[in-house]
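Chemist: quick one: sequence plus predicted model below, questions after.
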Amino acid sequence: MARRRFGHEITRPGRKHGDEPVNIPVAKDLEKPPASLRRDQEVTFYAREYPLESFALEQSASVEWADGIRREFSPETAELYEEFQEDMRPALEWIRASGDLEPTAEPSGGDVTESIRGKARELGYSEVGFTRFDRRYVYKARRDDVRRGLPHAICLALEQEHSATQTIPSIEAEEAQGETYRRQSELAAALVEHIRSLGYRAQVSGPTWQFGPMIPMFVDAGLGQLGVNGQLLSPHFGSRARLQIIITDARVSYDKPVDYGVPKFCEICQVCFMRCPGRAIQGQRLWYRGVDKAKLIAKRCRPVMARYSGCGVCMKTCPIQKYGMKPVMEYYIETGEVLGKGTDNLEGYELPDKGYFAAGKLPRFDTAFFDMPTGRAEDHLMEEFQSKLDAALDDAEKDRLWREYRERLESIMQNHSTVVDMGMDLGVWE
Ligand code: SF4
Ligand code: SF4
């Protein structure tokens, strides 16, 4: 491959508060206007006609199933998730009620964007951006929980520890993820206090309880672009970014989307697509709910995640995650190649029962591995009940099946606090 023509340069604040800004070059052949990656009217249409719902509710059948598989296959991971859920409970309650907190001062009336950005950076958030809060990305069941009159979104990305992440899939990486969420909840409390001291209200989305998907607003705020792995590729640490949004009525100015060259770079890279153990990633993008994206095949991903500590190979093998966007884009301009592609250092991973998979090698699973219930747990239970009822031999057995069905349905309907995976919404619904 040959050297690429330079297109444009992006200047971003340094990774940590006080660091020098960094310049990221984008090759000419990677340029693509961010506006061409979204059809706004389609986003509105889908949000109105087919509102988004959380995985914890919409796919609750597989959530229950995954919990059982995880306990059998990796009891340590199941234990870790349970501990995490218990540890996070006070933070979760605080996050859910954060919108009720009153301001602690009168607003000055001036623009407070830089005050909030500076405070967030000082606290430890590496990426901070401002945009309109897009209500089209609120889960249907959360609509009443999101406070009205807070029209602006502060997008905040916190870095997850680098070395533990490179051991994915592993308990160590899951612990690092959990630790990042714990930090997020502490930092959000401090930032909300700051916003209130400026005379404004704020409500927090994430960790563990969120309004809905966050990536579209992070893209709008210029903090990265959507990768083929379905994750936000942010400038300093790619998808090793844990995301959080605070909505507010504070007077702020919006940032703009940035062309980092990610969509076209992904077309050339394709490492996550080739390395996914479940073959759950589609290498090519398509239009989905008004967004140009590579849609993940959940029924091929979830069985892998349930068995292998939340998997995450698609994060681990992304060069932008491992090396950062600047070196990756510089290397591409110099060589026309993807930094680390084809090396075991980037692409190798280990699955506990299957061994090590060097670049070019993939595990194999039989069809039964991917058998998984889909849809809502109550619908799946009904289907199961109907087929058992059809096969029942006598009335006594039918009565027993009815009782069993009712008990299980009651338990599903009461189970409003389900561990999905460490990275996902805990599924608290009331
Ligand atoms: S989490 Fe694992 S199985 Fe799922 S898409 Fe990523 S690499 Fe594939
Ligand atoms: S691994 Fe490559 S293709 Fe996948 S998200 Fe990262 S840059 Fe894009």
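Modeler: Here it is on my side, so go on. Here the structure is a predicted model, which is why all the values come from computation and not from measurement. Ligands and ions are numbered 1, 2, ... in the order given.
Chemist: for ligand 1, what's the nearest residue on the stretch 101-250 of the chain?
Modeler: The stretch 101-250 of the chain approaches ligand 1 most closely through Asn229 (6.4 Å), counting by C-beta to the nearest ligand atom. (Glycine included, C-beta is placed from N, CA and C.)
Chemist: try the stretch 1-150 of the chain
Modeler: Closest point on the stretch 1-150 of the chain to ligand 1, by C-beta to the nearest ligand atom, is Ala66, at 12.1 Å.
Chemist: give me the element that residue is part of.
Modeler: According to DSSP states H and E, Ala66 maps onto helix 60-73.
Chemist: for the chain, name the helix or strand with the lowest mean pLDDT.
Modeler: When each helix and strand of the chain is scored by mean pLDDT, DSSP states H and E, helix 55-58 comes last, with a mean of 80.
Chemist: the stretch 251-400 of the chain: helices as residue ranges?
Modeler: Using DSSP state H, counting those that start in this stretch, the helices of the stretch 251-400 of the chain run over 262-269, 271-275, 298-307, 313-316, 319-323, 325-335, 344-347, 377-391, 395-414.
Chemist: run the chain-centre distance for the longest one.
Modeler: In terms of C-alpha atoms, centre = their mean, to the nearest Å, the centre of helix 395-414 is found 36 Å from the chain centre.
Chemist: just to check, the residue of the stretch 101-250 of the chain closest to ligand 1 is in contact with Ala280?
Modeler: No. Under the criterion of C-beta atoms under 8 Å, Asn229 makes no contact with Ala280, lying 9.9 Å away.
Chemist: can you name the residue of the stretch 1-150 of the chain nearest to ligand 2?
Modeler: Closest point on the stretch 1-150 of the chain to ligand 2, by C-beta to the nearest ligand atom, is Leu30, at 11.0 Å.
Chemist: show me what from the stretch 101-250 of the chain comes close to ligand 2.
Modeler: Gly227, Val228, Asn229 (C-beta under 6 Å from any ligand atom).
Chemist: adding distance to Ser108, write those residues out as a markdown table.
Modeler: Shown next, in a markdown table, are these (distance: C-beta to C-beta, whole Å):
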| residue | distance to Ser108 |
| --- | --- |
| Gly227 | 40 |
| Val228 | 44 |
| Asn229 | 43 |
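Chemist: taking these one by one, which sit in strands?
Modeler: Taking DSSP state E, every one of these sits outside strands.
Chemist: nearest to Lys316 among those?
Modeler: Asn229 (10.1 Å; C-beta to C-beta).
Chemist: and that closest one, what does it touch?
Modeler: Residues near Asn229 by C-beta atoms under 8 Å, 6 or more residues apart in numbering: Ser239, Cys272, Ile281, Ala294, Cys314, Met315, Cys318.
Chemist: all the strands of this structure, residue numbers only.
Modeler: Using DSSP E, strands in the chain cover 6-12, 22-27, 127-132, 152-159, 202-205, 225-226, 232-233, 241-248, 286-288, 291-293, 349-351, 355-357.
Chemist: which of the ones you listed sits closest to Ala35?
Modeler: Here strand 291-293 is closest among the strands of the chain (C-beta to C-beta), at 10.9 Å.
Chemist: can you give the contact residues for the closest one?
Modeler: Contacts of strand 291-293 (C-beta under 8 Å, 6+ apart): Ser36, Leu37, Arg38, Arg39, Val43, Pro216, Leu226, Gly230, Pro263, Arg285, Leu286.
Chemist: do that again at 7 Å, thanks
Modeler: For strand 291-293, the external contacting residues (C-beta atoms under 7 Å, 6 or more residues apart in numbering) are Leu37, Arg38, Val43, Leu226, Arg285.
Chemist: ok, the last one to ligand 2 distance?
Modeler: So that's Arg285. 11 Å (C-beta to the nearest ligand atom, to the nearest Å).
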